[in-house]
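Undergrad: got a sequence here, can you build the structure:
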Amino acid sequence: MKLKENSSFWPGAGLIFATLLYSCYGIWSRLIGNTIPLFYQNATRALLASCIVAIVVSMRKEWAAVSKTDFAWISIRSLVNVIATAIFIHTVLYLPLGTFYFLFYAGSVTGGYLFGRIFLGDKFTVVKIVSLIIAGIGLALIFSVPSVRTETKYLFYAMISGIGVSLFNILSAKISSKNTPLLITFLDNAISLPLYMCFSFIASEKLVTPDLNIAWGANLIFAFTMLGTGSLIVYGFRHLDSHIGSLLMLTEILFASFFGYVLYKEMLQPMTIFGGICIIIALSIVHIKKINRSSLKPPQISRQ
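TA: From the prediction side, this is the model:
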């Protein structure tokens, strides 16, 4: 009998690299701009991702029948993801990257609390309520910046996008573990493809032909970035405590703020920075509390 190995370096490094890739989403979106219609560009990425993942699933022989219940949850997740992603790509064009990600994560944690209670039965605690109050103070500071208030609707869009992503993540717990992550990833993209095309048709978007230019190059890189982040997230959260993983994911805000400054000379206002710090503290309070509790548990033992 020996203690189960608990090396967290590579999973942790993988999650941090995933947040680096996530923070590039805003860059790829800005390079694409309005050159490729909103829903149509997402449809092309979903098509490419579906084909690539289908090949990998076939090589790994992970095809399996999906129950009606699981398919229903996957379909709902895909619809939520389509809407949240479209809002994300549209909104990130109009806000500084740092401000956008601060609000995105504010919506994400708020939605996580709400949907965790509704769908998973997670209870509100004093610590969670305190963290929400601190996050609220942070949001008030961000909204108080005069230059930001002129884009009020985009501030709400950023939060709505984060709320949508939180619902997408929470609903994954409703899907049976019999379905592999790769299979779920394939179904996510395969279901999203016709949804994006349907919204593209409703919006009367022009279906432009792929070309050798910056926009289509960024769109291609965007698709591969999405596949990379998906794989790293699964790997990281399978080998790390979920609360530690959640803390590591907050580094995306730092990467996004850095890229915003280096690439676009976006200077964050002091009140925006203080508001963002409040939000990060609010997120950390809950997770650090849970990590401290989990550290009191005895190490897992594996038999050989």
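Undergrad: can we go C-alpha only for contacts and neighbour counts from here?
TA: Will do.
Undergrad: and the strands in the stretch 101-250 of the chain, which stretches?
TA: Using DSSP state E, counting those that start in this stretch, no strands are found in the stretch 101-250 of the chain.
Undergrad: so how far is the host helix or strand of Val82 off the chain centroid?
TA: Element membership of Val82, judged by DSSP states H and E, is helix 68-91. The chain centre lies 12 Å from the centre of helix 68-91; the measure is Cα atoms, centre = their mean, to the nearest Å.
Undergrad: tell me the buried residues in that helix?
TA: Neighbour counts over helix 68-91 (16 or more other Cα atoms under 10 Å) mark 70-71, 73-91 as buried.
Undergrad: same check on stretch 11-31?
TA: 11-12, 14-31.
Undergrad: with just CA atoms, put that stretch into PDB.
TA: C-alpha atoms of stretch 11-31 as PDB (Å, rounded to 0.1, in the frame of the first residue of the first chain):
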ATOM      1  CA  PRO A  11      -1.700  20.000 -14.200                       C
ATOM      2  CA  GLY A  12      -1.300  23.400 -12.600                       C
ATOM      3  CA  ALA A  13       1.000  24.600 -15.400                       C
ATOM      4  CA  GLY A  14      -1.500  23.200 -17.900                       C
ATOM      5  CA  LEU A  15      -4.300  25.300 -16.400                       C
ATOM      6  CA  ILE A  16      -2.200  28.500 -16.400                       C
ATOM      7  CA  PHE A  17      -1.300  27.900 -20.000                       C
ATOM      8  CA  ALA A  18      -5.000  27.300 -20.700                       C
ATOM      9  CA  THR A  19      -5.800  30.700 -19.200                       C
ATOM     10  CA  LEU A  20      -3.100  32.200 -21.400                       C
ATOM     11  CA  LEU A  21      -4.800  30.800 -24.400                       C
ATOM     12  CA  TYR A  22      -8.200  31.900 -23.100                       C
ATOM     13  CA  SER A  23      -6.900  35.500 -22.800                       C
ATOM     14  CA  CYS A  24      -6.000  35.400 -26.500                       C
ATOM     15  CA  TYR A  25      -9.700  34.900 -27.400                       C
ATOM     16  CA  GLY A  26     -10.100  38.700 -27.300                       C
ATOM     17  CA  ILE A  27      -7.100  39.200 -29.500                       C
ATOM     18  CA  TRP A  28      -8.300  36.800 -32.200                       C
ATOM     19  CA  SER A  29     -11.800  38.400 -32.000                       C
ATOM     20  CA  ARG A  30     -10.300  41.800 -32.600                       C
ATOM     21  CA  LEU A  31      -8.200  40.600 -35.500                       C
END
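Undergrad: centre of the chain to it, how far?
TA: The answer for stretch 11-31 is 10 Å, by Cα atoms, centre = their mean.
Undergrad: give me the number of residues near the closest residue to Gln41 other than its chain neighbours?
TA: Distances taken as Cα to Cα, 6 or more residues apart in numbering put Asn219 closest to Gln41, at 7.1 Å, once the chain neighbours are dropped. For Asn219, the number of neighbouring residues by other Cα atoms under 10 Å comes to 21.
Undergrad: pull the contacting residues for Asn219.
TA: Trp28, Ser29, Ile32, Gln41, Arg45 (Cα atoms under 8 Å, 6 or more residues apart in numbering).
Undergrad: what is the host helix or strand of the fourth one packed up against?
TA: Here Gln41 is covered by helix 38-60, with elements defined by DSSP H and E. Contacts of helix 38-60 with other secondary structure elements, assessed using 3 or more Cα pairs under 8 Å, 6 or more residues apart in numbering; DSSP states H and E, are made with helix 68-91, helix 181-202, helix 214-239.
Undergrad: again, only using 6 Å
TA: helix 181-202 (3 or more Cα pairs under 6 Å, 6 or more residues apart in numbering; DSSP states H and E).
Undergrad: how far off centre is the helix it packs on?
TA: Relative to its chain's centre, helix 181-202 lies at 17 Å (Cα atoms, centre = their mean).
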